[in-house]
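>>> Just to be clear, the model below is a prediction. Sequence and coordinates:
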Amino acid sequence: SHLYWYARVLGIYHLEVWLNNGDQPVKRYIDVLWVRWMAALRNHKSGMKHNRLPKIAFVEELDLDAFDFLDPGQVIRGAHLIPAFASQRGTSTLRHGKLLACPMGELDDWEEHYVGIFVDRDMFVCYTHFGIGH
């Protein structure tokens, strides 16, 4: 099992909503991220023991949880994702092609990515557990 969850942020939205909990409806403003989830590859061994970076790929569109809305407060930090160039570009995880899942102006995306654990010492320690209090 992998320690973290990954997602590509497709949009940032500021919503005005009405909440009704049985009393008087109340207007609230909330921020949400629209994300496309990524998952660790099951057949890819990674970590210090295997001398390989973790490898992730987009969750297939057929999965009901492939796209979601997320509270920005649940995001721990950004991650450095390195395209796995050998995996090629494509839209194989999308049934209907590009749609809205690709960045503006792009027709497809890298199928798989490596997680850059060497971005800074905090990120490295999170993945290797080589630090006090991590």
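Here it is on my side, so go on.
>>> ok, how many other residues are close to A86?
Per other C-beta atoms under 10 Å, the neighbour tally for A86 reads 7. (Each C-beta comes from the backbone N, C-alpha and C, glycine too.)
>>> Per-residue pLDDT of it, please?
With respect to pLDDT, A86 has a value of 82.
>>> average pLDDT for stretch 13-33?
pLDDT averaged over stretch 13-33 gives 92.
>>> And stretch 42-52, by the same measure?
Mean predicted lDDT for stretch 42-52 stands at 73.
>>> quick one: W34 is in a helix?
No: checked against DSSP: H, G, I helix; E, B strand; the rest coil, W34 lies outside a helix; its state is strand.
>>> Might one say that it is in contact with G11?
Yes: between W34 and G11 there is a contact at 4.2 Å, judged by C-beta atoms under 8 Å.
>>> and the two? which has more neighbours close in?
Taking other C-beta under 10 Å, W34 and G11 do not tie; W34 has more neighbours (16 against 10).
>>> Mind listing residues that contact stretch 70-88?
4, 6-7, 12, 30-35, 53, 55-57, 110-116, 119, 123 (C-beta atoms under 8 Å, 6 or more residues apart in numbering).
>>> The same query, at a cut-off of 10 Å, please.
Here stretch 70-88 makes contact (C-beta atoms under 10 Å, 6 or more residues apart in numbering) with 4-9, 12, 30-35, 37-38, 41, 44, 53-57, 89, 108-120, 122-123, 126.
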